[in-house]
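structure of the sequence below:
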Amino acid sequence: MSSQLSWDDIFVDAAHLDFGNLLAQWPSLVNGPVRPIGASVFGDLFFERRSGKVEKIDVLEGGLHPIADSFRDFSALVNSRDWQEQHLLTEGVALLKDKGVTRAVDQFFGFAPHPSLAGRIVWSTVMPLDAVVWNSICAQTLSSHS
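Numbering: from 1, shown residues only. Here you go, the predicted model:
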């Protein structure tokens with residue numbers, strides 16, 4: 001892998017996103033107050049519950065997933081290379097960077113067709129999409145596909 005990835009290459013800080021609008025795309029998954037943390041560059045949303053637990057909305061496979069029992073635990077995980085490969089798809093990010101595929105700070109990398117329809121991730125179909133638009137597409141695709 002020739003590309004060195006920076007934190008900004010693999011994670012989008014919540015400050016750059018309209019997190020309320022992103023969560024609104026998933027009304028059946030998130031109830032109650034949450035503290036936005038950020039998102040993978042593919043649109044997975046990470047947030048902290050009042051209890052301190054960190055959860056993720058998975059936009060490629062669907063569902064709400066527990067990630068860590070505390071923000072401190074999440075911080076340790078997110079700095080682990082194995083965790084980054086599994087949850088932030090760093091190998092795919094490096095591939096896209098090598099091919100010159102870029103996105104704006106308020107965009108995610110989306111896929112057309114969505115991986116749930118294609119049956120797998122097809123890296124050649126990646127395109128930058130508005131963050132809310134991509135989450136809306138994912139929510140609609142996964143709710144109709146499941």
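
tell me the contacts of the residue most central in space within the chain?
For the chain, the residue lying nearest the average C-alpha position, counting by CA atoms, centre = their mean, turns out to be residue 44 (2.1 Å). Residues in contact with residue 44, defined by CB atoms under 8 Å, 6 or more residues apart in numbering, are 56-60, 87-88. Where C-beta positions appear, they are placed from N, C-alpha and C, glycine not excepted.

same question for residue 40.
Taking CB under 8 Å, 6+ apart as the definition of contact, the neighbours of residue 40 are 10-12, 46, 87-89, 108.

how about the helices in this protein?
7-10, 19-24, 71-78, 81-87, 90-98, 115-118, 131-145 (DSSP state H).

nearest to residue 124, of these?
Nearest of the helices of the chain to residue 124, taken as CB to CB: helix 90-98 at 9.8 Å.

quote the end-to-end distance of stretch 112-121.
With CA to CA, to the nearest Å as the measure, the first residue of stretch 112-121 is 10 Å from its last.

could you point out the longest strand of this structure?
Assignment by DSSP state E gives strand 34-40 as the longest strand of the chain.

please state the offset of that one from the chain centre?
The offset between the C-alpha centroid of strand 34-40 and the centroid of the whole chain comes to 10 Å, using CA atoms, centre = their mean, to the nearest Å.

check stretch 66-75 too.
Centre to centre, stretch against its chain (CA atoms, centre = their mean), the figure for stretch 66-75 is 16 Å.
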